[in-house]
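Student: pasted the sequence and its predicted model underneath.
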Amino acid sequence: MEKIDIKEFLFRQPSFPKPDAADAYYLDVANELVEIWSDSELGKNVPEMVGKRLCLGITGYFQDIVADAGIWRSFVDANRKLYGYSVPFHTEGEEYVDYELNVEDVRFLTWYIIAMTYEDMRDIYPHDQRIMTLADNMHAYLDSVYGDAPVPDSYNLARGLELKDPEDQEEIYHLGSWLFLHCYLMTPAFALTMSEIMSDPELMHSEDVTKLHSRMEQSMMEDPTGPLALFIPEWLQLILESKLPPERKSGKGIHPYYEKFMAATGGKRVQYFGDYEEMNRFFIEKMGWDKNEEHLPVMKPERNFVVMVNPHRGMLVARNAALCIADPDNPYYDKEYSKENAYDFLTVRGRCPADLVKFAFENGWLPDAVFPGTDDHELVSKNSDFIARCYLQQYYRD
């Protein structure tokens, strides 16, 4: 693989286009990682672009750790508050030290960057031996130079800033922009959203670059990013104030469909239907909808529906989903089908409403959700909320 050049490296730096005294050192670090990548099994079979992004990402993590810039620190703190662990998928070893260089961190980041960047390995198992070996070799090199690595001053762009200080707002906006567009921790998870933005016909066929700039500005304000799918104001609060914002709560009252649905089902929030006709009869006979109408006609070609009611948002409908839900009251559950498809609930955007994903895991109704090619349900179950945040992003948080 070709070496990373100075332009590729500087484009990811917080101070870009201004140079930092430590740039040459960390460019060398990135290219040492390129050598390790090139000698690995993955490096011999995965596109060069993925390798470069991985090496730049791991270098960014290393710079962050050396500078104690607070980005990785905020991720670890958020994981602890949300899930009770430091990094997803990995148990802390005895030598794990908070906010310093750790092999578990590098293992996670290697999985994360490859899975989010390379479509052919989007569902790769975090404990895949190729991931673990590559990460361990990268960590061994970083550990050998850790004690002598110079502080990259440009990574301290958050130091001294106060979120509510009017005089800091310009620098805070710059920090937010860099986090969203260039930070090693945020950009991998944003890759699919970026692809969706770029596939917009209005942008694809337009030569007006201001349209793309405007769309990215809108995305920065409206879309979550990073492995935890936090919005930029949430990341800023976490980095600058060490506070994890509370989950957004609906300000709406009880939806009228909620009470009707609960009365119709004897207090159950979920119902299952094998075909459209069965579901439509439920709407008419149990919910009191117009009996002379075909309701939700766009659903007619589909089967195996799950209908769930939310107290504030009303009814949510998932098509082709009942076969995966191991609810004792679900007559359509199919274990063999579920083994092949249940994991998609956590990783395929639009496959299943977020409320149903959460409810199913809370009740133990997705026992067949595993990383493809494995039988490790425990790893998926323990990390289900994280996996959904990481892959689904705005489809899960919104």
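Tutor: Sure thing, it's come through. Worth saying up front: this structure is predicted, and the values here are computed from it rather than measured. Numbering: from 1, shown residues only.
Student: pLDDT score for His205?
Tutor: Reported pLDDT at His205 in the predicted model: 68.
Student: make that Pro201, sorry
Tutor: The predicted structure scores Pro201 at 77 on the pLDDT scale.
Student: could I get the contacting residues of it?
Tutor: Contact partners of Pro201, counting by Cβ atoms under 8 Å, 6 or more residues apart in numbering, are absent. Backbone N, C-alpha and C define where each C-beta goes, glycine included.
Student: could you report the distance from it to Thr210?
Tutor: According to Cβ to Cβ, to the nearest Å, Pro201 stands 17 Å off from Thr210.
Student: low pLDDT regions in the protein?
Tutor: Across the chain, the ranges flagged by pLDDT under 70 are 203-205, 207, 248-251.
Student: one more pass at 90, please.
Tutor: Judged against pLDDT under 90, the low-scoring parts of the chain cover residues 1, 15-20, 156-160, 190-221, 243-254, 256, 292, 312-314, 397-398.
Student: tell me the strands beside the biggest strand by length in it, with direction?
Tutor: In the chain, taking DSSP state E as the definition, the longest strand is strand 303-310. Looking at strand 303-310 with DSSP bridges, its paired strands and their directions are strand 270-275 (antiparallel), strand 314-318 (antiparallel).
Student: of the ones you listed, which is nearest Glu336?
Tutor: Of all the strands paired with strand 303-310, it is strand 270-275 that lies closest to Glu336, at 17.1 Å by Cβ to Cβ.
Student: what's the first helix or strand after the closest one?
Tutor: helix 276-285 (DSSP states H and E).
Student: show me which residues of that next one are buried.
Tutor: Counting neighbours by 16 or more other Cβ atoms under 10 Å, one finds that the buried residues in helix 276-285 are Tyr276, Met279, Asn280, Phe282, Phe283.
Student: can you lay out those as TSV showing distance to Met299?
Tutor: Supplementary listing: these in TSV, determined by distance: Cβ to Cβ, whole Å:
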residue	distance to Met299
Tyr276	6
Met279	7
Asn280	9
Phe282	12
Phe283	11
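Student: list of residues touching stretch 136-153?
Tutor: Everything outside stretch 136-153 that qualifies as a contact, by Cβ under 8 Å, 6+ apart, is 20-23, 25-26, 29, 32-33, 36-37, 40, 58, 62-63, 66-67, 101-103, 106-107, 110.
Student: could you flag which of the residues you listed are buried?
Tutor: Among those, the ones that count as buried by 16+ other Cβ under 10 Å are 20, 22-23, 26, 29, 32-33, 36-37, 40, 58, 62-63, 66-67, 101-103, 106-107, 110.
Student: coming back round to it: ok, and what's touching the longest strand of the chain?
Tutor: Outside strand 303-310, the residues touching it (Cβ under 8 Å, 6+ apart) are 255, 257-258, 261-262, 269-276, 279, 282, 299, 315-323, 325, 332, 352-353, 355-356, 359.
Student: how distant is that strand from the center of its chain?
Tutor: Its chain's C-alpha centre and that of strand 303-310 lie 25 Å apart, by Cα atoms, centre = their mean, to the nearest Å.
Student: send the alpha carbons of it over as PDB?
Tutor: Once non-C-alpha atoms are left out, strand 303-310 reads as follows in PDB (Å, rounded to 0.1, in the frame of the first residue of the first chain):
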ATOM      1  CA  ARG A 303     -46.400 -10.100   5.100                       C
ATOM      2  CA  ASN A 304     -45.600 -10.900   8.700                       C
ATOM      3  CA  PHE A 305     -46.400  -7.600  10.300                       C
ATOM      4  CA  VAL A 306     -45.600  -6.500  13.800                       C
ATOM      5  CA  VAL A 307     -47.700  -3.600  15.000                       C
ATOM      6  CA  MET A 308     -46.600  -1.900  18.200                       C
ATOM      7  CA  VAL A 309     -48.100   1.100  20.100                       C
ATOM      8  CA  ASN A 310     -46.100   3.900  21.600                       C
END
